[in-house]
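>>> The following comprises the amino acid sequence and a computationally predicted model.
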Amino acid sequence: MFLPWSSGRPTGANAANIAFKKPAMQRDNDYKGYAAKAVDGDTEANYFKGQSCTHTQAGLGNNWWAVDLQARYSISSVVLYNRNLYGERLSNFDVVVLNSQPVTGTNLLYTKSQVCAHQDTPVKTGGFKRLACTKKGRFLAIVKSGKTYLTLCEVQVFGELGEYILFTVDSSF
Ligand SMILES: [Ca+2]
């Protein structure tokens, strides 16, 4: 008899946010907007009141934020929460799924085949956007085009464990 390790996990709308409190990183920091603030469970959109949004420097382009899901998942969607000011900054970005640590120096390199979603227009200021993202992988990243700041007040990722560990139940006991 074989049982999937993940049997009994909630599915659909009740599925757990698999990014919650997982290790996060980003290209660089500004205004104390550390990467972990996008996976702290708080969606507060007021940057200074909530102290719960990320903030990169303007940089030279391709600002990125990434989370290590610590296992390979079949990802289904991602929900991004925007700040209630400068909401236009959260636009023109790729959502990327990778199998290995994606960062070399300060650059996050990826190919088109690793992009699960793209958003051109700004996510509503102070609002959120759910994007379908159906790829398997361990790391999920948001990579922004252009030389503007990347701020994320929360990133929720939904999916199921992508590789099941099978074990045998010995019925002789
Ligand atoms: Ca947050």
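Perfect, I can see it now. Numbering: from 1, shown residues only.

>>> Just the residues contacting the helix or strand of the chain with the lowest mean pLDDT, thanks.
Ranked by mean pLDDT, DSSP states H and E, the weakest helix or strand in the chain is strand 103-104, scoring a mean of 75. With Cβ atoms under 8 Å, 6 or more residues apart in numbering as the test, strand 103-104 has contacts from 25, 66. C-beta: built from backbone N, CA, C; applies to glycine.

>>> for it, the distance to its chain's centre please.
Centre-to-centre, strand 103-104 and its host chain are 17 Å apart (Cα atoms, centre = their mean, to the nearest Å).

>>> what does stretch 34-51 give?
Distance of stretch 34-51 from the chain centroid (Cα atoms, centre = their mean) equals 14 Å.

>>> averaged over its residues, what pLDDT does that stretch have?
The pLDDT scores in stretch 34-51 average 97.

>>> For it, measure first residue to last.
10 Å (Cα to Cα, to the nearest Å).

>>> hang on, the earlier thing: please name the strands paired to the least confident helix or strand of the chain in the sheet, noting orientation.
strand 107-108 (antiparallel) (DSSP bridges).

>>> now Arg72, nearest residue through space, not along the chain?
Nearest residue to Arg72, sequence neighbours excluded (Cβ to Cβ, 6 or more residues apart in numbering): Gly162, at 4.4 Å.

>>> Am I right that that neighbour is in contact with Lys136?
Yes. Using Cβ atoms under 8 Å, Gly162 is in contact with Lys136, at 4.6 Å.

>>> Find the residues that touch each one of the two.
Common contact partners of Gly162 and Lys136 (Cβ under 8 Å, 6+ apart): 72-74.

>>> Just the buried residues from these, in ChimeraX please.
Applying 16 or more other Cβ atoms under 10 Å to the shared contacts of Gly162 and Lys136, the buried members can be selected in ChimeraX as follows:
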select :73
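
>>> Dump the shared contacts of Gly162 and Lys136 to JSON lines, plus secondary structure, pLDDT and distance to the ion.
What follows is these, written out as JSON lines (DSSP: H, G, I helix; E, B strand; the rest coil; pLDDT from 0 to 100; distance: Cβ to the ion, whole Å):
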{"residue": "Arg72", "secondary structure": "strand", "pLDDT": "96", "distance to the ion": "25"}
{"residue": "Tyr73", "secondary structure": "strand", "pLDDT": "96", "distance to the ion": "21"}
{"residue": "Ser74", "secondary structure": "strand", "pLDDT": "96", "distance to the ion": "25"}
